[in-house]
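K.L.:
My questions are about this predicted structure, shown below with the sequence.
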Amino acid sequence: MILEVKYWPDPCLKKEALEVDPTDPGIPTIIANLFETMYARRGMGLAATQCDIQQRILVIDGTLAGGKIKQAFINPVIKEKTEKKIITEEGCLSFPGVYARVERYEGVIVESDTLTSGREDVILSGVDAVCFQHELDHLNGVVFFDHLGPAKRRLLEEKIRKNVKKINRRTK
Ligand code: ZN
């Protein structure tokens, strides 16, 4: 099922999502819906909170941009990160038509729950790591704007307000 992706400044984007029980029978459906919604909207990552599901679940598909990892993460935490950081241009399904250069760790080791076999570690680097960190921020109520300086942020806020207005007009 394709879910509705909420646009900034929807209040659901500011909420901190709650930990979930990985054996909850509803979780595979949420994951399937997140992937379906992400692909339908041509994104490479989506966090449950962007669809107003306040649970710590996110999906990424870095293979769409030269990465290696296509995976859902349940209750993910960053265990280790590289000293090295990289700056890349990021977009977000909650910010249609707006892009910004954001600094992230070049690599991270992520621990998260699996549906069946407990916690596991996944090593992410490059585009996979960037995409993951962007989505993990969403689970903490943080968006990519929050990494920008005030002037840049104000500029992009104006742009996003215009874009969302346009979309709302079109879909009415
Ligand atoms: Zn996003």
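P.N.:
Noted; the coordinates are in hand.

K.L.:
which element is V102 on?
P.N.:
Assigned by DSSP states H and E, V102 belongs to strand 100-105.

K.L.:
got a list of contacts for whichever helix or strand comes after that strand?
P.N.:
Counting by DSSP H and E, the next helix or strand C-terminal to strand 100-105 is strand 107-113. For strand 107-113, the external contacting residues (CB atoms under 8 Å, 6 or more residues apart in numbering) are 22, 73-82, 84, 119-126, 129, 132-133. From N, CA and C alone the C-beta is placed, and that goes for glycine too.

K.L.:
Next step: those residues restricted to strands.
P.N.:
Of the contacts of strand 107-113, the ones assigned to strands by DSSP state E are 73-81, 119-125.

K.L.:
Now list the buried members of those.
P.N.:
Buried members of the ones in strands among the contacts of strand 107-113, scored by 16 or more other CB atoms under 10 Å, are 73-76, 81, 122, 124-125.

K.L.:
Return the member of the residues you listed nearest to G26.
P.N.:
I74 (11.8 Å; CB to CB).

K.L.:
and stretch 89-98, C-alpha only, in PDB?
P.N.:
Only the C-alpha atoms of stretch 89-98 are listed here, as PDB (Å, rounded to 0.1, in the frame of the first residue of the first chain):
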ATOM      1  CA  GLU A  89      23.700  17.000  -1.800                       C
ATOM      2  CA  GLU A  90      20.600  15.600  -0.200                       C
ATOM      3  CA  GLY A  91      16.900  15.700  -1.100                       C
ATOM      4  CA  CYS A  92      13.900  14.500   1.000                       C
ATOM      5  CA  LEU A  93      10.500  13.200   0.100                       C
ATOM      6  CA  SER A  94       9.100  15.500   2.700                       C
ATOM      7  CA  PHE A  95      10.800  18.500   1.000                       C
ATOM      8  CA  PRO A  96       9.700  18.300  -2.600                       C
ATOM      9  CA  GLY A  97      12.100  20.000  -5.000                       C
ATOM     10  CA  VAL A  98      14.600  21.200  -2.400                       C
END
